[in-house]
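S.K.: kindly generate the corresponding structure for this input.
(chains A and B)
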Amino acid sequence: MRAFEIHTFQGGKWKIDSVFDDRDLAVFEAQRMEGSKRYVGVRVVEETFDEKTQQTAVRTIYKGTSVDNAAPIEQKKQQVAAKGAKAAPKGATGTRRPGKAPAPKKAPKSNGLLIAIFSIIVVVGIGAMVALRMLSGKM
Amino acid sequence: MERLPAETEKIEVTDALPKGLERRLVLRLLSYWRDLCGDRAYPSFADVDPASIPDMWQWAFVIEVVGHEADPVFRHVGDGLVGFAEMPLTGVKLSAAPRDTLVSHAVSYVQAVIAKGVPISRGGEFMREGNTRVLYRSILLPMSDDGTTISGLLGAANCREVPGEG
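M.R.: This is a model prediction of the structure:
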């Protein structure tokens, strides 16, 4: 007798979600569950009971691809959350649509460039004033 | 969101699955049940809207467990199943369902669902009158009034008859 159990990873351990006696139905359902993105991990475990020996053999026949994606997705979420916490002012309680990345901010112009332009304007202005005074003294 | 153990490895199924599995009654009803669950372990019968699943409802049945744990009772049997039942089943105990009918096979693992507390789907075949071989597929889904304790089961089954075999 064979049974195919779908397990989902919840609360730090694998839990039985449903049981099928048909391999194709179990794998199809597991793939569908994985596609829903509701579960961190989905797997199908085949249990074969040998009536002669009264023993059950267990093997995993499927584990969803979200197994590989779970850690990077979680890390990305934590990074986004950390950035959001730094950028938000104290006491701010604004909301953002889940999954929607904030619009990139425009890069601020360099302060050094602004100081240089301002310095040139000041120097040119002072020079012009000195020149006008000299000209007015001659006249 | 939690993370899987670091040692977890992906295992893929290499052979192609049969086409049309998504149209199977049992998987469509399971999907409907999952939607009703939301974040709960089990949905309530109050959540079920037969008008929204007319094609499935005719092959569905409702079993009351609370107060009848040892021998639950049919509370609804869809029109499609009644034709295979040989007698009205609403209000009838599961043990009283006629043997070798679609319904009797569909409820043969009720106690396993109550014990495990998860949806179970089983299929098989049996012989009915006229030397007709019947291939069937069924599912039983736990339901709850309070979201945690199983108070009843929502089930469904359909079949295909193969005359003259056996």
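
S.K.: buried ones in the longest helix along chain B?
M.R.: Determined from DSSP state H, the single longest helix within chain B is helix B:25-37. By neighbour count with 16 or more other C-beta atoms under 10 Å in any protein chain shown, helix B:25-37 contains the buried residues B:25-30, B:32-34, B:36-37. Every C-beta, even on glycine, is put in place using the N, C-alpha and C of the backbone.

S.K.: also stretch A:27-41?
M.R.: Using 16+ other C-beta under 10 Å as the test for burial, stretch A:27-41 gives A:27-34, A:39-41.

S.K.: what's the most distant pair in those residues?
M.R.: Greatest spatial distance among those (C-beta to C-beta): A:F28 and A:V40, at 19.9 Å.

S.K.: and A:A87, what's its pLDDT?
M.R.: We note a pLDDT of 45 for A:A87 in this prediction.

S.K.: sorry, slip of the keys, the one I care about is A:S110.
M.R.: A:S110 is given a pLDDT of 62.

S.K.: quick check: phi and psi on A:K52?
M.R.: Here is the backbone geometry of A:K52 (degrees, to the nearest 10): phi -70, psi -50.

S.K.: okay, now it: neighbour count?
M.R.: By other C-beta atoms under 10 Å in any protein chain shown, 5 other residues sit near A:K52.

S.K.: next SSE after the one helix or strand in chain A whose mean pLDDT sits lowest?
M.R.: Every helix and strand in chain A was compared by mean pLDDT, DSSP states H and E; the lowest is helix A:66-87, with a mean of 47. Counting by DSSP states H and E, the next helix or strand C-terminal to helix A:66-87 is helix A:111-138.

S.K.: and the buried residues of helix B:25-37 as CSV, adding distance to chain A?
M.R.: Shown next, in CSV, are the buried residues of helix B:25-37 (distance: C-beta to the nearest C-beta, whole Å):
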residue, distance to chain A
B:L25, 11
B:V26, 7
B:L27, 6
B:R28, 11
B:L29, 12
B:L30, 7
B:Y32, 13
B:W33, 10
B:R34, 8
B:L36, 14
B:C37, 10
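
S.K.: state the pair within these that is farthest apart.
M.R.: Using C-beta to C-beta, those reach their maximum pairwise distance at B:L25 and B:C37, which is 18.6 Å.

S.K.: how about low-confidence regions in chain B?
M.R.: Low-confidence segments of chain B (pLDDT under 70): B:1-2, B:6-9, B:14, B:164-166.

S.K.: checking the most centrally placed residue in it next. Helix, strand or coil?
M.R.: Nearest to the geometric centre of chain B sits B:I139, at 2.4 Å (C-alpha atoms, centre = their mean). On the three-state scheme (DSSP: H, G, I helix; E, B strand; the rest coil), B:I139 is labelled strand.
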